[in-house]
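>>> Sequence below, structure please.
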Amino acid sequence: MLDPTRTADLLAAHFPGLAPALHAPATYPSVHRQLACFAAYTRAAATADALLRLQRCFAVADRLRNDGDTALAAAIESGYLHCLHLDGTARGNQLARQLMPSRLYSAYAHQHYAPLP
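Residues are numbered from 1 along each chain as shown. Now for the predicted structure:
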């Protein structure tokens, strides 16, 4: 299992350009802030049509969600997926559906498309 306190280091290892933002004093102590920063990076990849980087972002998020402890999995679902903001356009939905690993997409779809009570 992945330790949530190592999330910033793992993300920085996969995405070196994110390291300064992830290790900033305001971001580093908070997994939720780290994941919001990672979501912004992912969203920028989608906006730039950097599909390989976007797919890699989704793969790393899926790994964090599935290999991390329950707190990190919940943070991915409540923080990262919520902050993606890909659901505003048909293109964003298509990218999510096509590039997210199936388990991550299931969590994304459940959060965004589940019927309201």
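>>> Against which helices or strands is the helix or strand Gly92 falls within packed?
Assigned by DSSP states H and E, Gly92 belongs to helix 90-99. On a contact count with 3 or more C-beta pairs under 8 Å, 6 or more residues apart in numbering; DSSP states H and E, helix 90-99 meets helix 51-67, helix 102-113. Where you see a C-beta, it was placed from the backbone N, CA and C, and this is true even at glycine.
>>> Apply 10 Å and report the result again.
Where contact means 3 or more C-beta pairs under 10 Å, 6 or more residues apart in numbering; DSSP states H and E, helix 90-99 is packed against helix 31-47, helix 51-67, helix 102-113.
>>> Next SSE downstream of the second one?
Elements were assigned by DSSP H and E; along the chain past helix 51-67, the next helix or strand is helix 70-75.
>>> What pLDDT is listed against Ser30?
pLDDT recorded at Ser30 is 90.
>>> again with Pro115
Pro115 carries a pLDDT value of 61.
>>> let's have the chain start at 571 instead
Got it, first residue is 571 now, which makes that one Pro685.
>>> For Leu634, see how far away Pro599 is.
Plainly put, Pro599 is 18 Å away from Leu634 if you go by C-beta to C-beta, to the nearest Å.
>>> more crowded one of these two?
Comparing Pro599 with Leu634 by neighbour count (other C-beta atoms under 10 Å), the higher total belongs to Leu634, at 23 against 10.
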